[in-house]
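Q: Task: produce atomic coordinates for the following.
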Amino acid sequence: MNILVIDDDASLRRTLRLSLELLGHQAAEARDSAQAFDLLHHRPFEVAFLDLRLMQEQGLDLLPRLLRMAPGLQVVVVTAHATIETAVEAMRRGAFDYLPKPFTPDQLRVVLDRIARMRQLQVQVDDLAEQVRAVAPEVDLQTDEPQMRQALEVAFKTAPTEASILLRGESGTGKGVLARAIHARSARAAAPFVTVACPSLSAELLESELFGHVQGAFTGAIRDTMGKVAAAEGGTLFLDEIGDLPLALQPKLLRLLQEKCYERVGETETRTCNVRIIAATNRNLEADIAAGRFREDLFYRLNVIEVTMLPLRQRISDILPLADHLLRFFTRQNGKSISGFAQPVREVLVCYPWPGNIRELRNAIERGVILSPGPMIERCHLPSQIGNPVVLENISLEGTSLDQMEAEHIRHILAASETIEEAAEKLGINASTLYRKRKRYGI
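A: Below is the predicted model of the structure:
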């Protein structure tokens, strides 16, 4: 590794540099912050050994500046004046480890081995993330629907803040994807994003998963566990389907939101945390509050900012761009040569109501790519419930005026057409009449 030694004592700098070189590393010396920043500007370093006392400078004050300039740098603080307080403060400010002077070559080797193992793990994590991207398409959050654009604008404006966010919408609309996008745009982006699926476990096991437990807290608790709250420290805790959170756990989550503290199961020690909460639900929480299934005070704590993800049937203009995006991904993943959708398929895609939303669309396109020999995806390659829909069957007639029906039909045809002229021809009207109708209906 490339290692930077920052110490105002020339003999100690030289001794440490030689020791590092004997261990197979490359090392450079800096006597103060100015020299250190100059070296960091011209060369990449993986590790820095930082003395806490640099003539007129304090190493603890220099530490955060080093990390801002080189975010991947692992800083090991060294000092002859070791105390528990300075060690804790150094770690709090971002140091990787702490070595009291004088230290032995074995102690030096142990610290460097730990850093090397951590870097290897990070490479493996990055590799796994790349593999995940290769098997799962990145969800396109671009939209042409004004209501959806407004929802995303609210979400991304809120992302840099610490406000709790409640994402609402049907299953499969992309609430989890949006939660990750908010985290990625926040000041916590470099910290963990941890998901808790609230409907997945009993109340007892869910409490343990959230807050952790101590050995012997219940049958099967053979060791201490830290829980998802601790795992998300400094980052974002995403509570998926919060409406299914057991009533018994809701006061504990409320306390976490209000006071940033909790206890592990089977333990009386109160722990503090630094997490941002994003929750999602497909339930009508107001109805659950009225029925006594959800606490009103918890609802208001979670619902500082509310963002509603529209169902796909209300995002008609987004269906074909999403389908084309998924087609490109699955075509590449499966090594196929498929250039697009046959025109009847494009009409079917925008007419079908997509009760499973984006998740159902994704599955349908993947199936179509697998079954199609190319060059186009035909109706027969889609799932049977999608292959032969009738447009009028997808429009609820009850309480719908003729104008509303016409506007909905025009939206479908426009979404399935390449040009205005093509849409007008399908509708049996000229382009100027279609223009007037679009203006009338606000399409």
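
Q: and this protein, what are its domains?
A: Following automatic domain parsing, one finds the domains of the chain at 2-122, 146-310, 313-441.

Q: Just the element for the residue nearest to the spatial centre of the chain, please.
A: In the chain, the centroid-proximal residue (Cα atoms, centre = their mean) is residue 180; its distance is 2.0 Å. Element membership for residue 180, per DSSP states H and E: helix 175-184.

Q: Who are the packing partners of that helix?
A: Here helix 175-184 touches helix 146-158, strand 165-168, strand 193-197, strand 236-240, strand 276-281, going by 3 or more Cβ pairs under 8 Å, 6 or more residues apart in numbering; DSSP states H and E. Yep, even glycine has a C-beta here, placed from its N, CA and C like the rest.

Q: quick one, which of the ones you listed is nearest to residue 43?
A: Residue 43 lies closest to strand 193-197 among these, at 32.1 Å (Cβ to Cβ).

Q: moving C-terminal of the closest one, what's the next helix or strand?
A: helix 203-211.

Q: So which bits of that next one are buried?
A: 206-211 (16 or more other Cβ atoms under 10 Å).

Q: What average pLDDT does stretch 265-279 get?
A: Regarding stretch 265-279, the rounded mean pLDDT is 87.

Q: Keeping just the C-alphas, turn that stretch into PDB.
A: Only the C-alpha atoms of stretch 265-279 are listed here, as PDB (Å, rounded to 0.1, in the frame of the first residue of the first chain):
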ATOM      1  CA  VAL A 265     -34.000  -7.300  23.700                       C
ATOM      2  CA  GLY A 266     -33.000  -8.700  27.100                       C
ATOM      3  CA  GLU A 267     -30.900  -5.700  28.000                       C
ATOM      4  CA  THR A 268     -31.600  -2.700  30.200                       C
ATOM      5  CA  GLU A 269     -28.800  -0.500  28.800                       C
ATOM      6  CA  THR A 270     -30.100   2.400  26.700                       C
ATOM      7  CA  ARG A 271     -28.300   2.900  23.400                       C
ATOM      8  CA  THR A 272     -28.300   5.900  21.200                       C
ATOM      9  CA  CYS A 273     -28.300   5.900  17.400                       C
ATOM     10  CA  ASN A 274     -27.800   8.200  14.500                       C
ATOM     11  CA  VAL A 275     -30.100   7.000  11.700                       C
ATOM     12  CA  ARG A 276     -32.400   8.700   9.200                       C
ATOM     13  CA  ILE A 277     -35.800   6.900   8.800                       C
ATOM     14  CA  ILE A 278     -37.600   6.400   5.500                       C
ATOM     15  CA  ALA A 279     -40.800   4.300   5.700                       C
END
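
Q: buried ones in it?
A: Taking 16+ other Cβ under 10 Å as the criterion, stretch 265-279 shows 265, 271, 273, 275-279 as buried.

Q: Distance from that stretch to the middle of the chain?
A: Centroid separation for stretch 265-279 versus its chain: 20 Å, with Cα atoms, centre = their mean, to the nearest Å.

Q: picking that back up, which one of the helices and strands packed on helix 175-184 has the most crowded surroundings?
A: strand 276-281 (a mean of 26; mean count of other Cβ atoms under 10 Å).

Q: Tell me the one of the buried residues of stretch 265-279 nearest residue 239?
A: Distances from residue 239 to the buried residues of stretch 265-279, taken by Cβ to Cβ, are shortest for residue 279, at 4.3 Å.

Q: show me the contacts for that closest one.
A: 164-167, 238-240, 242, 302 (Cβ atoms under 8 Å, 6 or more residues apart in numbering).

Q: In those, find the pair that's most separated.
A: 164 and 240 (14.6 Å).

Q: Excluding residues flanking it in the chain, which one is nearest the residue nearest to the centre of the chain?
A: Nearest residue to residue 180 in three dimensions, chain neighbours excluded: residue 193, at 6.0 Å (Cβ to Cβ, 6 or more residues apart in numbering).

Q: Touching, the one you found and residue 183? I think so.
A: Yes: using Cβ atoms under 8 Å, residue 193 is in contact with residue 183, at 4.6 Å.

Q: what touches both of those two?
A: Contacts common to residue 193 and residue 183, judged by Cβ under 8 Å, 6+ apart, are 235-236, 238.

Q: is it possible to export those residues to CSV including distance to residue 345?
A: Shown next, in CSV, are the shared contacts of residue 193 and residue 183 (distance: Cβ to Cβ, whole Å):
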residue, distance to residue 345
235, 42
236, 39
238, 35
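
Q: I'd like those laid out as TSV, including distance to residue 380 and pLDDT.
A: Putting those into TSV (distance: Cβ to Cβ, whole Å; pLDDT from 0 to 100) gives the following:
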residue	distance to residue 380	pLDDT
235	46	89
236	43	91
238	39	93
